[in-house]
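**Q** fold the following, please.
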Amino acid sequence: MVEKLKGSFYVDNCLTGVNDPCDQTSFIERTQTLMSRGGFNLRGWVSNVACEFISKHSGDASVLSLLWNLDADKLRCSIDFEVLSCETVISKRLILSLVQKIFDPIGILCAVTFPPKILLQDTWKLKVGWDI
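**A** Take a look at the predicted model:
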């Protein structure tokens, strides 16, 4: 259990699971007992299977900046980009601003974030100014 939990934390979020829903309650109890020895009070459990410890088991839940649809058991991202007009000048500052709006601590969205980061890197190589 300790090894499983070691790789399951990101800052103050624990993201893990069990293969069999019948094991969920005992897993939560054992995890809470183990973590309480170190002074950690684990709470706010979310699962797509209801049990006494679960605070939410349907709808959407936020997981490491992604949205987890508990009913469909699918992850999706929600990015609120501003709509740019055709007259908008694309600058290094704008590219950086747009790329940094995407928080992706575990790299799930790298297919989306990588190309603009390469474009930004190219602007540095070409010594393009911040606001052209």
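
**Q** skipping adjacent residues, who's closest to Ser36 in space?
**A** Leu42 (7.9 Å; C-beta to C-beta, 6 or more residues apart in numbering). Heads up, the C-betas are built off the backbone N, CA and C, glycines and all.

**Q** can you check the pLDDT for the one you found?
**A** Predicted confidence (pLDDT) for Leu42: 87.

**Q** number of residues surrounding it?
**A** 16 (other C-beta atoms under 10 Å).

**Q** ranges for the strands of this protein?
**A** 9-10, 13-14, 45-46, 54-56, 60-63, 66-69, 74-76 (DSSP state E).

**Q** ok now stretch 82-97, how far from the chain's centre?
**A** 25 Å (C-alpha atoms, centre = their mean, to the nearest Å).

**Q** the residue nearest to Ser36 and Cys14 touch, don't they?
**A** Yes. Contact status for Leu42 versus Cys14: in contact at 6.7 Å, counting by C-beta atoms under 8 Å.

**Q** which residues do those two both contact?
**A** Thr31 (C-beta atoms under 8 Å, 6 or more residues apart in numbering).

**Q** ok, now how distant is the residue nearest to Ser36 from Val63?
**A** 15 Å (C-beta to C-beta, to the nearest Å).

**Q** ok, Asn13 - contacts?
**A** Here Asn13 is in contact with Val63, Leu64 (C-beta under 8 Å, 6+ apart).
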